[in-house]
Each structure stands twice: as structure tokens, then as C-alpha cells.
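> let's see this in three dimensions:
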Amino acid sequence: MEEQKVVQRNLALQREWYGEPLGDRVRRLVVAFDVSQANLAEVLGISAPMLSQVMSGRRAKIGNPAVLARMIMLERKVLTPEVVSGEREALHGVLEEVRQSRPTVGRDSVPVGSSPDDAVVLTVLKEAIEEDGDLDKAARLLDDDFPALADLVRRAGEDF
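Numbers count the residues shown, from 1 in each chain. The predicted structure is shown next:
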């Protein structure tokens, strides 16, 4: 019974930290890229047992930020034409590209998610700049140097 409580707590933490349980995110990647969980673990740079523990909730987080960055890279590629096509060569190429990547993780390289805190930030931005056109102008000014912030400002201009 104690293990079940730990798993539930870890899954709740994953929802808080990653937006949803990591098992859901990983399963989508396994299906999209038509690979085994062990193969996906190798691409991400994590051991298969560790990935299994994270997916099942026996562990709460991915400790290596580069592994999380690779997972996000794959998630961003899911709707690209080469992945949507389902062609084995194309899927293998994308997986190999991500496997060989050496991502660095910083403020501007990990996307801002859609958490409850984001709604607060988006509301404050929207209220601070009254005309939606001003938000778009501000986002264009930020694009080159602060792309993640530019994206957040653009999202403030949308109905969320």
C-alpha cells in the first residue's frame, strides 16, 4: 500500500512539473516513432529501467536536463511531415538526429508550458499592454534575443 501512495504522489508531481504524467508523454512518442520503450530510452540517453520507473511513477522526475530536452525535441518533431509520413527511414533519421544531439538547457531553450502559473503570467501581460497589437509588437522586438519570452508575450495576446 505504501508503494501505491508513493506512485500517486510521484504522478501528481509529474503533472505539476511536466504538465502531465511522463508515462503519457513517453507512450505518445513510442507510438509516433514506432519504437520500443527500450529504443526510445536509448535515443533519449536514459537507461530503459530508469525510463520505466519514471513512466510508472516509481520515480518522480528525469534528473538529467539533457534527457528532458531530447524528449521535448522529439515531441516538437511529431507533427513534422517526415514523422507524419510514417516512413521508416524518415523516422529513423529523426531519432538518430535526436540521439546524436547534445542539447544545452537554459532559460531560452526549454519551452514555457501551459501550467496554471502561466495563466497568471499571461493575464498580467495582457492587462499591462492594453491593445493586442502592442503585444505582437513587443513579441517581435523580443524574437531575436529572447525567443521563449517572445512566445509567452504572443500567447498573452491570444484567448487562453
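> what average pLDDT does the helix or strand in which H92 is found get?
In the assignment (DSSP states H and E), H92 maps to helix 88-100. Averaged over helix 88-100, pLDDT sits at 93.
> count of neighbours near the closest residue to V94 other than its chain neighbours?
Nearest residue to V94, sequence neighbours excluded (Cβ to Cβ, 6 or more residues apart in numbering): K77, at 5.3 Å. All C-beta spots, glycine's among them, are computed from the backbone N, C-alpha and C. The tally of other residues near K77 (other Cβ atoms under 10 Å) stands at 19.
> what mean pLDDT would you report for the longest helix along the chain?
Determined from DSSP state H, the single longest helix within the chain is helix 2-18. Averaging pLDDT along helix 2-18 yields 91.
> report the buried residues of it.
For helix 2-18, a neighbour-count test (16 or more other Cβ atoms under 10 Å) marks 10-11, 14, 18 as buried.
> and of those, the nearest to D151?
Y18 (18.2 Å; Cβ to Cβ).
> hmm, that closest one is touching R25, no?
Yes: the criterion here is Cβ atoms under 8 Å, and Y18 meets it with R25 at 6.9 Å.
> I'd guessed V54 sits against I62; true?
Yes: the pair formed by V54 and I62 meets the contact definition of Cβ under 8 Å, at 6.0 Å.
> more neighbours, those two?
It is V54, of V54 and I62, that has more neighbours when counted by other Cβ under 10 Å, with 25 against 21.
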